[in-house]
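Student: give me the fold of what follows.
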Amino acid sequence: AVFKIGQRLAAVVQGEKYPYSFKVVADPSINAFALPGGYVYVSRGLLALANTEAEVAGVLAHEIGHVTARHTAQRYSSSVIAGLGTAILGVVAGGGGAQLGQQGAAVYLQGYSRDQEFEADKLGVRYLARAGYETASMASFLASLKAYSALEAKTSGLPDPASRYNILSTHPRTGDRVAAAVKAAQTTAVANPKVGNIDHLN
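Tutor: Presented below is the predicted three-dimensional model:
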């Protein structure tokens, strides 16, 4: 289902086209990232947290935004890409999600700048609207993610363990900035937007 959601979004991207690939990584942490050339990955932990298909689409659209704006190409050197490719192959083949969760966050998944995050959100909102998804899904997923992190911090007694190796650490975004990006995207409200509930888990 993640592949179908991703292809639906990729079909409405304007400008340079990539042979997009959408994969689910066997990792319980909450992560999503993209590599140059249109390789987009989401973790099983992220899918478990998402409430709707539209929220998954919002995450994928944001990652596609990073690709089309060439943020991923700016972040990765060829040697880093090779190392990450090896780690991903191991996880996808069943080598263990913890390795990617730790190595990915600590070594490969360096955070984007605020401007890059804003641009990726703005582009992502446009892709969501063109694909017929609810554009508010980006903000609703971010709210769920922050609530989850706060709960984890409270129950564990640690500062914020949930954000150590998840999308919060690699995508420093706030609800206000996402809302500003939605406004800046200047998209027309989608009539009868696609939301979905459990389709993304099939």
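
Student: can you get me a residue count around residue 150?
Tutor: 13 (other C-beta atoms under 10 Å). Where you see a C-beta, it was placed from the backbone N, CA and C, and this is true even at glycine.

Student: in terms of helix, strand or coil, where does it fall?
Tutor: helix (DSSP: H, G, I helix; E, B strand; the rest coil).

Student: report the mean per-residue pLDDT for stretch 185-193.
Tutor: Confidence for stretch 185-193, expressed as mean pLDDT, is 74.

Student: ignore the last one, stretch 141-148
Tutor: 83.

Student: one more: stretch 112-131?
Tutor: 88.

Student: can you pull the buried residues of that stretch?
Tutor: Applying a neighbour-count criterion of 16 or more other C-beta atoms under 10 Å, one finds 112, 116-131 buried in stretch 112-131.

Student: among these, which ones are in helices?
Tutor: 116-130 (DSSP state H).

Student: low-confidence ranges in this structure?
Tutor: Scanning the chain for pLDDT under 70 picks out the ranges 72-111, 158-175, 178, 182, 188, 198-202.

Student: could you pull out the helices for it?
Tutor: Going by DSSP H, the chain shows helices at 2-10, 44-49, 53-68, 71-75, 78-92, 97-103, 114-130, 137-156, 167-170, 175-184.

Student: show me what the last one packs onto, helices and strands only.
Tutor: On a contact count with 3 or more C-beta pairs under 8 Å, 6 or more residues apart in numbering; DSSP states H and E, helix 175-184 meets helix 114-130, helix 137-156.

Student: for those, give me TSV that also has distance to residue 39.
Tutor: Formatted as TSV, those follow (distance: least, C-beta to C-beta, whole Å):
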stretch	distance to residue 39
helix 114-130	16
helix 137-156	21
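
Student: for residue 42, which of those is the nearest?
Tutor: Among the helices and strands packed on helix 175-184, the nearest to residue 42 by C-beta to C-beta is helix 137-156 (11.3 Å).

Student: the closest one packs against which elements?
Tutor: Counting by 3+ C-beta pairs under 8 Å, 6+ apart, helix 137-156 packs on helix 44-49, helix 53-68, helix 114-130, helix 167-170, helix 175-184.

Student: thanks a lot, see you next time.
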